[in-house]
Every structure is written in structure tokens, then in C-alpha cells.
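*Asks:* how would this look folded up:
(chains A and B)
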Amino acid sequence: MPWIDACALVDIEEEDLVRLDHEGRTYAVYRISGEEVYCTDGLCTHERVHLADGLVIDHTIECPKHNGQFDVRTGTAIRSPACEALSTYPARVADGRVHVEIP
Amino acid sequence: MRLITFPMERDYSLTGPERQNAFDKGLAGADWYRTPVDRKVLKSLMKRTDWPATRDIAIWVVVLVGSGAGGILLWGSWWALPFFFVYGVFYASAADSRWHECGHGTAFKTRWKNDAVHEFASFLLMRNSVVWRWSHARHHTDTIIVGRDPEIAGMRPPQLIVLCLNLFGIVAVPQSLAALARNAAGILPLDEADLIPESERVKAIRVGRIHIAIYVLVALVSLWTWSLLPLMIIGLPRAYGIWLLLVMGLPQHLGLAEDVLDYRINSRTVLMNPILRFIYWNMNYHIEHHMYPMVPYHALPKLREAVKHDLPAPNPSLWNAWSEIIPCVLRQLRDPHHFIRPQLPEGAGVWEPVRSIKTA
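*Replies:* Next up, the predicted model:
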């Protein structure tokens, strides 16, 4: 899979995320602190709500609609109504830009 | 005048024809209008903290213990009545808002505290915590979408006698106990099975068994002691204390539109005094809550300030809200298509189904 230039690191606040649309799919790109970044699918596995409007606490993303929660490092669902894990994708920072490896 | 009407003109079940209609019309799992709020402001509003809920739960428990103890000590005298009046309201009406907020997982920052209060309040309300968590998630996905939302209280035409009887749980309590007993027997009816995934059903059955076991135990103690007192403390308050919840809570959606994708049109914000807002944990800001359900109850007044320019004028009091609701539901008895259309302010936003932050 190719590495995609998602955004500048400074475009994402610490403990926050942005939405990334690419090739007809939507992703969520997270910055926890410093250059610690992650990428997952952008829609909650429960009701396909965009996670980009949700809240990041530590390494957890909370779905903005029902508070289904996922670990952004592994995609694991950790609170119902989210039961199914999110897909995760490699993410890295280079030259102040966030790159993600997505289909 | 018909005060009770059966059958419903529309099928409000989750497994009837309206379910497919909702999908066909694009109303199920749809994008909803939300008044835009700056991301930084929203993040600050969504921020979690344990303190307000810890304080409010402590007050709630003190009132419950104090009024319950007063009722027990004065049992057999008329002086027990005011204590049970307070105990019932805080047991049932206040438990609903605690159940609600902790079910959303927003009241506390600490997850186990949300879960513990959610389980406790669910028990007080005779609600299966698993079933109702999924039910309420659906309510937020498909708010007042017929065939999808399991929590539509104001069906059309309205069942006024049932609504009135439920001020004291006369229909709802037997229904709730029957639902718990079904779950305890390992049965999930079709409507519940439609909501709950396979992986969660074992939990729902376990919760049903725990609740039923406790209620049977309390009933046996009441029989053994030949006293109503144990049931006055556990169980019956769900009946005699729920009236205030209905007075505060039915206006959330009653008399407003069905099958729209705009909370400003199907939900109602009612201004209330601080005592009612404590009991109700600010759920009177109901349009705001539906737009941004991850904003904790204690931040809803601030959220209202951020979005009110885009919302209909709130009802200034419960009295005012019921003054518009009662004529509406009475008219719905003969005209089920009638509903109240809130007036949006000039320049209010319009629904756009797709919003994008960035396209690579």
C-alpha cells in the first residue's frame, strides 16, 4: 500500500484527530502527543458515524454519537455499543508531515 | 372524545413495515443536522471530569438515605408520607437522568463509575441495563424515526389513558417486570433482538436474572414480615415516584415531528429551575443533548450558549411546554397527522448530509 501525505503534524492538536478522505473511503488520523500518531478507519463500526467529531482521551477515541470506544493503537473495541474492532493502518511523521499507509 | 385508541395508525414496532419504510426513505442511520460548533469549543465542552457527578451523586445518595430512613422510622404514621414523597422522586425520577448520563458514559471521567451508577439506576428503574443501553443508542441514531426508534413515548394517536396511568407506573411497572422476567427466562423478544447483537445477549439475560432475583427476594421479605415497608423501599418507588420524570421528560419530543433528520424540529428545550435541573441533570436542554450527546450534562448550559442562535426559542417553563403539548395531543386523537412545527430563527442553518474536513 502506498504512503499518503495526510496533513501537517501541526494540523492535528495533541489528543485530537482529523478526518481523511481517500479513494472513496474515510479514515481518522490521530495525534496523541508529540509525534505519536495513529490511523484507523474513520467510521465507527457500530453505526458508521464519523469518528472525526469524537473525543480522544489518552489512546481512546470515543464515537461522538453513542460513545462506543476504541483503542486507536490496536483498533480494539473497548466499550459498547462498539463491539467490532476498527481497522488500523501504519502512520508516521516525517519532516513535519503525517503520512499514513492506506489502500 | 376518545381517550384511548387502539390499534395505532402507524406500526411503531421495530420489526413491522415502518422499519423498511425508514430504510427506503433514507431515514435509518442517516446524517442529521447539527449546528456547527468550533472544534476547540466542542472539545472543551466534551471534556470529562469526575467532580460534578461525584458531588451530585453524593447529594442524591444522601437525600435517598435520609428520606428513606425518615420513611422507615415514621412508618405507620402519616408523617412518613412526605419522606416517601421525596424518596420516591429521587429513587425513580432522579434515577432516570443518572441512568441516562452514565449510560452515555459522560457523567464521570472514570469509566467504572459511569458503569456502576448506570447499573444501580437501571435496577431502580426496572430496566435491563444491557437492553436499554442498546435501545438508547438506537434512539440517538434514529430519533423519533418510526419503525427504528424504540423510545417513542408519544405515539400517534396518543394513548392518553396509558400516559396518565404511567404517572404512577400502573402500566409501565408490570410491563417492565414482565420484560425482565422474559430476559431472566432467556428470552429476548424480536424488538430487543433487533437492537442487541448476539455477543451482548448473554449479558442481557444475566442482568434480567439478577434484577428478578432481587425483586423476588424483597417481595418474599415483605410477605414474611407481612409488611409493605420493604417494597416501599425497593420496587414500589418506581411506581409512586416516577411522575416527575414524566412531567419533565415527556416534553422532550411529545407533539413534535416524526421522521425528520433535524433535532430542532423533533426535540424540545425547556427552561427549568435549578432544583428540577438537578433532578433531571440538565436534560431539559434536549435539542442540545441530541446534537452533541457526548457533552456531559454539566456542560449543557454552555453548549446551549454556543448553539442557541440556530435553535427555536426554548419553552420558558414546563407550564408553557405543557400548554402547547396538551392541545396538540388532544387534537392528535382525531388527527394523528397533526404536530407542532417549531419556528427556526431567521438565518438558521439548513441540513446538509455530507460534511468534509479534508480530502486527500
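*Asks:* For residue B:238, pull up the helix or strand it's in.
*Replies:* helix B:237-240 (DSSP states H and E).
*Asks:* what comes into contact with that helix?
*Replies:* Residues outside helix B:237-240 that contact it (C-beta atoms under 8 Å, 6 or more residues apart in numbering or on different chains): B:84, B:87-88, B:91-92, B:124-126, B:168-170, B:173, B:176. The C-beta positions use only the backbone N, C-alpha and C, and glycine is treated the same way.
*Asks:* after that helix comes which helix or strand?
*Replies:* Using DSSP H and E, the helix or strand that follows helix B:237-240 in sequence is helix B:243-249.
*Asks:* That following helix: what's the following helix or strand?
*Replies:* Heading C-terminal from helix B:243-249 (DSSP H and E), you reach helix B:263-266.
*Asks:* buried residues in the longest helix anywhere in chain B?
*Replies:* Among the segments of chain B that qualify as a helix by DSSP state H, the longest is helix B:198-225. Judged by neighbour count (16 or more other C-beta atoms under 10 Å in any protein chain shown), helix B:198-225 contains these buried residues: B:200-201, B:203-205, B:207-209, B:211-212, B:215, B:218, B:222.
*Asks:* Residue B:161: which of those is nearest?
*Replies:* Checking the buried residues of helix B:198-225 against residue B:161 by C-beta to C-beta gives residue B:215 as the nearest, at 26.2 Å.
*Asks:* before we move on, which element is residue A:93 in?
*Replies:* Residue-wise, residue A:93 maps onto strand A:91-94 under DSSP H and E.
*Asks:* in its sheet, what does that strand sit against?
*Replies:* Partner strands for strand A:91-94, per DSSP bridges, with pairing direction: strand A:97-101 (antiparallel).
*Asks:* Which pLDDT does the model give residue 87?
*Replies:* In the absence of a named chain, this looks at chain A. Looking at residue A:87, its pLDDT stands at 96.
*Asks:* that's the wrong chain, I meant chain B
*Replies:* pLDDT, read off for residue B:87, is 98.
*Asks:* next one: residue B:136
*Replies:* Per-residue confidence at residue B:136 stands at 96 (pLDDT).
*Asks:* Ramachandran angles for the closest residue to residue B:246 other than its chain neighbours?
*Replies:* Spatial nearest neighbour of residue B:246, chain neighbours left out: residue B:167 (5.6 Å); criterion: C-beta to C-beta, 6 or more residues apart in numbering or on different chains. Here is the backbone geometry of residue B:167 (degrees, to the nearest 10): phi -60, psi -30.
*Asks:* on contacts alone, who are the packing partners of the longest helix of chain B?
*Replies:* The contact analysis (3 or more C-beta pairs under 8 Å, 6 or more residues apart in numbering or on different chains; DSSP states H and E) places helix B:198-225 against helix B:111-124, helix B:129-141, helix B:172-184, helix B:229-233.
*Asks:* Rebuild the ones you listed as JSON lines, extending it with distance to chain A.
*Replies:* Shown next, in JSON lines, are the helices and strands packed on helix B:198-225 (distance: least, C-beta to the nearest C-beta, whole Å):
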{"stretch": "helix B:111-124", "distance to chain A": "7"}
{"stretch": "helix B:129-141", "distance to chain A": "4"}
{"stretch": "helix B:172-184", "distance to chain A": "17"}
{"stretch": "helix B:229-233", "distance to chain A": "31"}
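*Asks:* List every C-alpha atom in stretch B:107-116, with coordinates, as CSV.
*Replies:* Extracted as CSV, the C-alpha positions of stretch B:107-116 are listed here (Å, rounded to 0.1, in the frame of the first residue of the first chain):
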residue,chain,number,x,y,z
ALA,B,107,-21.2,11.9,33.7
PHE,B,108,-17.8,10.7,35.1
LYS,B,109,-14.4,10.7,33.5
THR,B,110,-13.7,7.3,35.2
ARG,B,111,-15.4,4.5,33.3
TRP,B,112,-16.2,2.2,36.2
LYS,B,113,-18.0,5.0,38.0
ASN,B,114,-20.3,5.5,35.0
ASP,B,115,-20.9,1.8,34.7
ALA,B,116,-21.6,1.4,38.5
